[in-house]
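Q: Have a look; sequence and predicted model below, questions after that.
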Protein chains: 2
Amino acid sequence: MDPRVVEAMQPYFTDFYGNASSLNSFGFKAKEALEKSRETIAEFMNAEASELIFTGSATEANNLVLKGHAFKEGKSKCHIAVSSVDHDCVLLSAKWLKRQGFKITILPVDKYGFLDLDALEKTLEENVTLVSVVHGNNEIGTIQPIEEITRVCHEHGALFHTDAVQSFGKLAIDVRKIKIDFMTINGHKLYGPKGVGALFKRKGRELDTLIHGGGHEFGLRSGTENIPAIVGFAKAVELREGEMEAEARHLTNMRNKLIKATLEIEETYLNGHRTKRLTNNTNFRFSYIEGEAVVLSLGSEGIAASSGSACSSKSAEPSHVLLAIGLKPEEARGSLRISIGKYNTEEDIDYIIQVLPKIVKRLRAMSPLKD
Amino acid sequence: MDPRVVEAMQPYFTDFYGNASSLNSFGFKAKEALEKSRETIAEFMNAEASELIFTGSATEANNLVLKGHAFKEGKSKCHIAVSSVDHDCVLLSAKWLKRQGFKITILPVDKYGFLDLDALEKTLEENVTLVSVVHGNNEIGTIQPIEEITRVCHEHGALFHTDAVQSFGKLAIDVRKIKIDFMTINGHKLYGPKGVGALFKRKGRELDTLIHGGGHEFGLRSGTENIPAIVGFAKAVELREGEMEAEARHLTNMRNKLIKATLEIEETYLNGHRTKRLTNNTNFRFSYIEGEAVVLSLGSEGIAASSGSACSSKSAEPSHVLLAIGLKPEEARGSLRISIGKYNTEEDIDYIIQVLPKIVKRLRAMSPLKD
């Protein structure tokens, strides 16, 4: 978290601790902070405050849009199409809905992870009511052309949702310009707090409720409002306003330097597209070795990396994203993701560039796969 | 929030910010804090750590147990019975399930809000699979005999869930002794953080998932673990250990003093039971005047009170709890809840006792209902 975000949250832990739904002065103060935060975040994406629903996470927001759409439309009408490279929270929500009897289609992608637009158009002819495609992929960084996808969806009468958790605050997203119907974002991917997410829901679009109760968040998400986290989320977004562009340049430079140097290691490949990718994301695969072994070796040199998404680290299965772009299971297992953050420096990148080739060389020397 | 809780959370905002599901040193540190917190809270209720599922709120935990049970059992088998004085998050989840075709029964209560045990037994003969009854009522403070209710449910083969948000940390609850199947708790009702709740799920009991994704929380609740909030929740519980008993005496004394003095105002009644009620709760009704008018008048004297639950403050409807105990709508609207906290002093109570009768007198003088 950005220390300025932590600081902004502090008064709401102890001084302004009221329940935003209480009709007393403590409650009014909390309510004021809630609505000001809603405005700050909405403004940043050019939405209206009433179009933003706070949730406890992006995962919850993604569940809300898929399940909320399905139960609103009903089994006879609902047809949801999701991309094969979406996050597990979208894919597993879709698969759960399928088990309940809803119509679900999984859309293929090309070798970079871009949505197959021909397959999309073909599927859309089957009365699709909602399409969900991740904006910036959390594993391979691929950025989808969501403006074009939205247009195609709308031409066929389908609504469009994007999970923009990885891209929001890194890229400018104007929901009035893109005319997107739903968009998921969260706090902790932009140096804000964990435990808070939000769903942009365009005015007039309807969803059923996922979490029932006191009727908070326009009746769509009940539970006492988490004011400190929401205030922190808004502060994190507010900070993006002035810092996003310079930071994007800084991250892109570091990312490109890391990609260029790593691809000089022999039999090493980049997963995802070289340029149409998130500024902070790199994802490589190394023949003959396991990504997890590289992660552990980097760890012992003080470098935190991952072999897939953190969310799937409990699973021994190879990444569904890497399989979806056509990798073989052993290629997927040979993959390594290094994410860069705004607190990283050129020196950090130089250090990785110095350490990584040695690790790959050592692991390959021990590998039974390498002749 | 207790300042000691705020302090315990701080390192997890910036120093130990890792993703508890990441296989790197930042992740390991977060994972360690997560599991230690789980143990602390589980131990306090005499559960095993593996029986505790963290959620984003108590509302979510209540939704999880009702909907998770329904979808696990299926429409042909599931029959859920809930009390008429349960929180909206239980009642509205049940009503939503009913609209989806699940069998739901609402159980009546007596004039104090105690569950009608005869009605329970009669309903249980209709193959009930799950009963849900709030432990300590959030509006009128009534404490249900959950040990007896659990026993009756089990005799008829039904599982039992209690929403113990208001009682956990105020009363000792031993889930091994009470043999309860599911129990909902949260952080911010015991001076811990907002945005975190938990569901106790006895080993062997099964639920479907409400929020799908990366498979966090034993596959039952996905979303990046909110480590600072979970650490704060555990700290709040840990503090209860040594402070609960003395605090209960302090609160009970203040509560009884407030009840005794307020009932001296003529035509004033206590909602709920005189002694079998939460230590921190008082709820009165005054003939001829609106509770909301009393709330606003108290507010201008610096006293924060409420006319119902905060969660329902947006609604103009009279409290469903007060109607369920047999009050007429106008009696329900004439009700006032004053909750006491550990930071309150005898002087605070004396101040209310001095101010409240004057407010009631003034409002009654203006009331068209008062002859």
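A: Arrived safely.
Q: Please count neighbours and contacts with C-alpha atoms only from this point.
A: Will do.
Q: And A:Thr55, how far from B:Ala20?
A: 20 Å (CA to CA, to the nearest Å).
Q: Which one's more surrounded, those two?
A: More neighbours surround A:Thr55 than the other of A:Thr55 and B:Ala20, with 30 against 26 (other CA atoms under 10 Å in any protein chain shown).
Q: what separates that one from chain B, distance-wise?
A: For A:Thr55, the distance to chain B equals 9 Å [CA to the nearest CA, to the nearest Å].
Q: Quick check: beta-bridge partners of that residue?
A: With DSSP bridges applied, the residues forming beta bridges to A:Thr55 are A:Gly197.
Q: separation between the closest residue to A:Ile265 other than its chain neighbours and chain B?
A: Counting by CA to CA, 6 or more residues apart in numbering or on different chains, A:Ile265 lies nearest to A:Pro357, which is 6.4 Å off, once chain neighbours are set aside. For A:Pro357, the distance to chain B under the criterion CA to the nearest CA works out to 19 Å.
Q: Doesn't A:Pro357 belong to a helix?
A: Yes. A:Pro357 sits within a helix when classified using DSSP: H, G, I helix; E, B strand; the rest coil.
Q: which residues of the stretch 201-350 of chain A fall in helices?
A: If DSSP state H, counting those that start in this stretch is used as the criterion, the helices of the stretch 201-350 of chain A fall at A:227-262, A:291-300, A:320-324, A:329-333, A:346-366.
Q: Is it possible to get TSV of these that adds mean neighbour count and mean pLDDT?
A: What follows is the helices of the stretch 201-350 of chain A, written out as TSV (neighbours: other CA atoms under 10 Å in any protein chain shown; pLDDT from 0 to 100):
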stretch	mean neighbour count	mean pLDDT
helix A:227-262	20	97
helix A:291-300	20	93
helix A:320-324	21	96
helix A:329-333	20	91
helix A:346-366	15	97
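Q: who wins for proximity to B:Ala8 among the ones you listed?
A: Shortest distance between B:Ala8 and the helices of the stretch 201-350 of chain A, using CA to CA, is found for helix A:227-262: 15.6 Å.
Q: what residue ranges in chain A are flagged as low confidence?
A: Low-confidence regions of chain A, defined by pLDDT under 70, span residues A:308-315, A:371.
Q: Could you list the domains of it?
A: The record's domain parsing of chain A by automatic domain parsing lists A:3-239, A:244-365.
Q: Single out the most deeply packed of these.
A: With neighbours taken as mean count of other CA atoms under 10 Å in any protein chain shown, those reach their highest mean count in domain A:3-239, at a mean of 21.
Q: In contact with the closest residue to chain B within the stretch 201-350 of chain A, which residues?
A: Closest approach of the stretch 201-350 of chain A to chain B (CA to the nearest CA) occurs at A:Gly213, with a separation of 3.4 Å. Neighbour list for A:Gly213: A:Arg221, A:Ser222, A:Gly223, B:Thr59, B:His87, B:Asp88, B:Cys89, B:Val90, B:Leu91, B:Leu92, B:Ser93, B:Cys311 [criterion: CA atoms under 8 Å, 6 or more residues apart in numbering or on different chains].
Q: these two touch, right, the first one and A:Asp208?
A: No. Counting by CA atoms under 8 Å, no contact exists between A:Arg221 and A:Asp208, whose distance comes to 9.8 Å.
Q: Can you check which of the domains of chain A gets nearest to B:Glu330?
A: B:Glu330 lies closest, by CA to CA, to one member of the domains of chain A: domain A:3-239, at 19.5 Å.
Q: Any idea how far the closest one is from the middle of the chain?
A: Taking CA atoms, centre = their mean, to the nearest Å, one finds domain A:3-239 lying 10 Å from the centre of the chain it belongs to.
Q: What's the end-to-end length of it?
A: Distance between the two ends of domain A:3-239: 11 Å, counting by CA to CA.
Q: Would you mind measuring from the residue lying closest to A:Glu301 once chain neighbours are set aside to A:Pro368?
A: For A:Glu301, ignoring the flanking residues on the chain, the nearest one in space by CA to CA, 6+ apart is A:Val355 at 7.9 Å. Taking CA to CA as the measure, A:Val355 and A:Pro368 are separated by 22 Å.
Q: Equivalent analysis for A:Glu35, please.
A: When CA to CA is applied, the distance between A:Glu35 and A:Pro368 equals 60 Å.
Q: A:His320 now?
A: The gap separating A:His320 from A:Pro368 is 26 Å, by CA to CA.
Q: try A:Leu298
A: Distance from A:Leu298 to A:Pro368, counting by CA to CA: 21 Å.
Q: Likewise for A:Ile353?
A: 25 Å.
Q: what's near enough to touch A:Ile349?
A: Contact criterion CA under 8 Å, 6+ apart gives A:Met254, A:Lys257, A:Leu258 as the residues in contact with A:Ile349.
Q: got the contact list for the closest residue to A:Gly74 other than its chain neighbours?
A: Setting aside the residues directly before and after it, A:Gly74 is nearest to A:Phe102 in space (CA to CA, 6+ apart), at 8.0 Å. With contacts defined as CA under 8 Å, 6+ apart, the neighbours of A:Phe102 are A:Ala70, A:Gly74, A:Lys75, A:Ser76, A:Cys78, A:His79.
Q: Check the contact between the fifth one and A:Glu126; I expect there is one.
A: No. Judged on CA under 8 Å, A:Cys78 makes no contact with A:Glu126 at a distance of 10.8 Å.
Q: Keeping just the C-alphas, turn the strand or helix carrying A:Trp96 into PDB.
A: When elements are assigned from DSSP states H and E, A:Trp96 belongs to helix A:88-99. C-alpha atoms of helix A:88-99 as PDB (Å, rounded to 0.1, in the frame of the first residue of the first chain):
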ATOM      1  CA  ASP A  88     -11.000 -18.100 -12.200                       C
ATOM      2  CA  CYS A  89     -13.700 -16.000 -10.400                       C
ATOM      3  CA  VAL A  90     -15.300 -15.400 -13.800                       C
ATOM      4  CA  LEU A  91     -14.800 -18.900 -15.200                       C
ATOM      5  CA  LEU A  92     -15.800 -20.800 -12.000                       C
ATOM      6  CA  SER A  93     -18.900 -18.600 -11.600                       C
ATOM      7  CA  ALA A  94     -19.800 -19.400 -15.200                       C
ATOM      8  CA  LYS A  95     -19.300 -23.100 -14.600                       C
ATOM      9  CA  TRP A  96     -21.400 -23.000 -11.400                       C
ATOM     10  CA  LEU A  97     -24.200 -21.300 -13.300                       C
ATOM     11  CA  LYS A  98     -23.900 -24.000 -16.000                       C
ATOM     12  CA  ARG A  99     -24.500 -26.600 -13.300                       C
END
